[in-house]
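> mind looking at a prediction? Sequence and model below.
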Amino acid sequence: MFKEIKIPFSKEDIANLKAGDTIYLTGTVYTARDAAHKRMSELIEDGKKRGLDIDDILPFPVKGNVIYYMGPSPAKPGQVIGSAGPTTSGRMDKYTPQLLGMGLTAMIGKGKRTKEVYDSMKKNGAVYMAAVGGAGALLSKCIKSSDIIAFEDLGPEAVRKLYVERFPVIVVADATGRCIYDEI
Amino acid sequence: MRDLEVSLITKNIREMCIEANLFLEEDVEKAIRTAGYTETSETGRSVLSQIEDNLKIAGDERIPICQDTGMAVVFLEIGQEVHFTGGDITDAVNEGVRQGYEEGYLRKSVVNDPIERINTGDNTPAVIHFEIVPGDKVKLTVAPKGFGSENMSRIFMLKPADGIEGVKNAVINTAKEAGPNACPPFVIGVGIGGDFEKCALMSKKALTRSIQKDKSPADAAESKERNLYIKELEEELLLKINDTGLGPAGLGGRNTVLAVNIETFPTHIAGLPVAVNICCHVNRHKTRII
Ligand code: SF4
């Protein structure tokens, strides 16, 4: 049974989401994978040193938002986006606690994360969800708009703003620190 | 000698890159459907039905099955009577990959250097394996490989005393560790014997074989020659890995692996190399003989 949830998540949504729940998500998500995370992390460090407002220098405000670890295949003429399934989240673990500390509320990807990430999720009240890896054609049908908003030179790794409708995910780890991968 | 224009290789590679990313082989599709019937976990069934729907959408609307359209792995078995004309064969293969990834709207996932990491923009170079065989034909196999599963592949230089139990543990532990990262249900290629690189190459090649045991005529002939213990080992590993309960997408369930394909080769008195190449359910490969 899929529950319908809208993004942005409210505090209650986060508290109510339990590991193992299957959900249809509707709302805005931002894509970022390896190279975009590296750049965002460098921008944050640099911004801190120079005393800048971090939200002004990042491609999107992290607080309250959702990141989808995804780099699509190119869209054909007339398509919103090409194939668009999740990539392995663990490669982003090095950068994730920093973003969670800044108020990131959810991540969509696939696969295991480190203990640091789960601890930070618990501390900051965030959830981690998985979409089905290798179902990129199906998932692309749930993406209604896609705009490159930063790092266009990175090609498939550019940061995109997506609007998704009834995008199917499963909650892997909830804000209490429970993770279904640990229970299998 | 048979003269063969390399432009013909380019044309075929181009078409095969596109085809491989839109359509799985019938045996893999069938194994996914069977998994759907036999799955006991509700989440597992939901994952498998998404995977099945995805294959249909991919084929009908010509959207790549997975956004990671892979690094192009190309095997060429070249008959020794063949004489290539009209250019460099390696360039011809890479040109086919370049055209296929561009025209097929496939993702360009290759970077120029492992440390510098600048995208080459056309998914080249391909990883190309040449082999010289008898005859005057060329057998081309294109197998785009995603890195979610490639990253979870392992090689073990076991001791002869580790024996068959050591081999089993190596394969089962690799599958367990791969877990949800490598998009199960998997197809697992195993190379046993040879030396360090030979077993790795066998494990990759094993992924391009039919997974329907003894169903295709080519496989039936091949399996007669293969030792019975290898077939038994394939079946035992399939059961044991499914017993882990990892399941589709690693979210729990019965269907963790669709098939285990093993290749072997003689080895040194002092060694027992084992390579385990994990592939996701998007086990892509196309073969043509020209
Ligand atoms: S492991 Fe396979 S199914 Fe998963 S994202 Fe990579 S190519 Fe796609």
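Yep, that arrived.

> C-alpha only now, for contacts and for neighbours.
OK.

> in what helix or strand does residue B:60 lie?
Per DSSP states H and E, residue B:60 falls inside helix B:42-61.

> does any bit of that helix sit next to the ligand?
No: judged by C-alpha under 6 Å from any ligand atom, helix B:42-61 stays clear of the ligand, getting no closer than 9.5 Å.

> residue A:86 sits in which helix or strand?
Counting by DSSP H and E, residue A:86 is found in no helix or strand.

> what's the local residue count around it?
Residues near residue A:86, counting by other C-alpha atoms under 10 Å in any protein chain shown, number 29.

> over to residue B:37?
For residue B:37, the tally of surrounding residues (other C-alpha under 10 Å) stands at 11.

> and it, which of the three is it?
helix (DSSP: H, G, I helix; E, B strand; the rest coil).

> now residue A:48, what's its secondary structure?
Residue A:48 - assigned by three-state DSSP - is helix.

> enumerate every residue touching it.
residue A:54 (C-alpha atoms under 8 Å, 6 or more residues apart in numbering or on different chains).

> what about it, distance to residue A:64?
20 Å (C-alpha to C-alpha, to the nearest Å).

> give me every residue that touches the residue in chain A that the ligand sits nearest to.
Chain A approaches the ligand most closely through residue A:134 (3.3 Å), counting by C-alpha to the nearest ligand atom. Residues near residue A:134 by C-alpha under 8 Å, 6+ apart: A:85, A:86, B:51, B:65, B:66, B:67, B:183, B:280, B:281, B:282.

> select the longest strand from the chain.
Going with chain A. strand A:159-173 (DSSP state E).

> that was the other one, I meant chain B.
If you go by DSSP E, chain B has its longest strand at strand B:257-267.

> adjacent strands (with direction) for that one?
strand B:186-194 (parallel) (DSSP bridges).

> mind listing the strands for the chain?
As the question left the chain open, I've gone with chain A. Going by DSSP E, chain A shows strands at A:2-6, A:22-31, A:66-68, A:106-109, A:127-130, A:143-150, A:159-173.

> that's the other chain; I wanted chain B
Under DSSP E, chain B gives strands at B:2-5, B:71-79, B:82-85, B:127-133, B:138-145, B:154-158, B:186-194, B:257-267, B:272-279, B:286-289.

> centroid-nearest residue for chain A?
residue A:67 (2.1 Å; C-alpha atoms, centre = their mean).

> what bridges to it?
Beta-bridge partners, per DSSP bridges, of residue A:67: residue A:30, residue A:107.

> I figured it was touching residue A:99, is that so?
No: judged on C-alpha atoms under 8 Å, residue A:67 makes no contact with residue A:99 at a distance of 10.0 Å.

> show me what contacts residue A:161?
A:28, A:29, A:30, A:31, A:145, A:146, A:147, A:148, A:149.

> identify the residue nearest it in space, chain neighbours excluded?
Leaving aside its sequence neighbours, residue A:161 sits nearest to residue A:30 (C-alpha to C-alpha, 6 or more residues apart in numbering or on different chains; 4.7 Å).

> so what's the residue count around the closest residue to residue B:131 other than its chain neighbours?
Taking C-alpha to C-alpha, 6+ apart, and ignoring the residues beside it in sequence, residue B:131 has residue B:77 as its nearest neighbour in space, at 4.8 Å. The tally of other residues near residue B:77 (other C-alpha under 10 Å) stands at 19.

> residues near the residue nearest to residue A:161, how many?
Neighbour number of residue A:30 under other C-alpha under 10 Å is 24.

> what residues are up against it?
Residue A:30 touches A:60, A:65, A:66, A:67, A:68, A:159, A:160, A:161, A:162, counting by C-alpha under 8 Å, 6+ apart.

> what does the first one show for phi and psi?
This means residue A:60. With angles defined as degrees, to the nearest 10, residue A:60 sits at phi -150, psi 150.

> count the neighbours of it for me.
Quick note: residue A:60 (other C-alpha under 10 Å) scores 17 neighbours.

> what do you get for the second one?
The burial count assigned to residue A:65 is 18, neighbours taken as other C-alpha under 10 Å.

> I figured it hits residue A:104, correct?
Yes: with contact defined as C-alpha under 8 Å, residue A:65 reaches residue A:104; the gap is 5.4 Å.

> check what pLDDT the nearest residue to residue B:35 once chain neighbours are set aside gets.
Distances taken as C-alpha to C-alpha, 6+ apart put residue B:255 closest to residue B:35, at 6.1 Å, once the chain neighbours are dropped. Residue B:255 is assigned 98 on the pLDDT scale.

> swap in the one 3 residues further on?
The per-residue pLDDT reported for residue B:258 equals 98.

> ok so, going back, between the strands of chain B, which gets nearest to residue A:56?
Shortest distance between residue A:56 and the strands of chain B, using C-alpha to C-alpha, is found for strand B:71-79: 36.7 Å.

> how long is stretch A:125-134 from one end to the other?
First-to-last residue span, stretch A:125-134, C-alpha to C-alpha: 29 Å.

> could you pick out the residues of chain A near the ligand for me?
Counting by C-alpha under 6 Å from any ligand atom, chain A comes close to the ligand at A:87, A:133, A:134.

> got the contacts of residue A:30 as TSV, with pLDDT columns?
As requested, the contacts of residue A:30 are exported to TSV (pLDDT from 0 to 100):
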residue	pLDDT
A:60	96
A:65	97
A:66	98
A:67	98
A:68	98
A:159	98
A:160	98
A:161	98
A:162	98
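
> nearest to residue B:205 among these?
residue A:68 (33.2 Å).

> my guess is that closest one contacts residue A:32. True?
Yes: the criterion here is C-alpha under 8 Å, and residue A:68 meets it with residue A:32 at 6.4 Å.

> may I ask which helix or strand of chain A has the lowest mean pLDDT?
Sorting the helices and strands of chain A by mean pLDDT, DSSP states H and E puts helix A:54-57 at the bottom, at a mean of 86.

> distance between the ends of stretch A:2-20?
Termini of stretch A:2-20 sit 11 Å apart (C-alpha to C-alpha).

> outside of that stretch, which residues touch it?
With C-alpha under 8 Å, 6+ apart as the criterion, stretch A:2-20 contacts A:21-28, A:64-66, A:105, A:125-127, A:166, A:168, A:170-175, A:178-180.

> got the contact list for residue 171?
Picked chain A for this. Contacts of residue A:171 by C-alpha under 8 Å, 6+ apart are A:17, A:18, A:19, A:20, A:21, A:22, A:23, A:127, A:128, A:129, A:130.

> right idea, wrong chain: chain B
By C-alpha under 8 Å, 6+ apart, the neighbours of residue B:171 are B:190, B:237, B:276.

> swap in 10 Å and give it another go.
Contact partners of residue B:171, counting by C-alpha atoms under 10 Å, 6 or more residues apart in numbering or on different chains, are B:153-156, B:188-190, B:237, B:241, B:260, B:274-278.

> related to what we said a few turns ago, could you list the buried residues of the helix holding residue B:60?
Residues of helix B:42-61 classed as buried: B:43-52, B:54-59 (neighbour count, 16 or more other C-alpha atoms under 10 Å in any protein chain shown).

> can you check stretch B:156-176 too?
B:156, B:158, B:166, B:167, B:168, B:170, B:171, B:172, B:174, B:175, B:176.

> equivalent analysis for stretch A:115-123, please.
Applying 16+ other C-alpha under 10 Å to stretch A:115-123 flags A:117, A:118, A:120, A:121, A:122 as buried.

> and that stretch with chain B, contact?
No: Stretch A:115-123 is not in contact with chain B by C-alpha under 10 Å from any C-alpha of the partner chain; minimum separation 15.8 Å.
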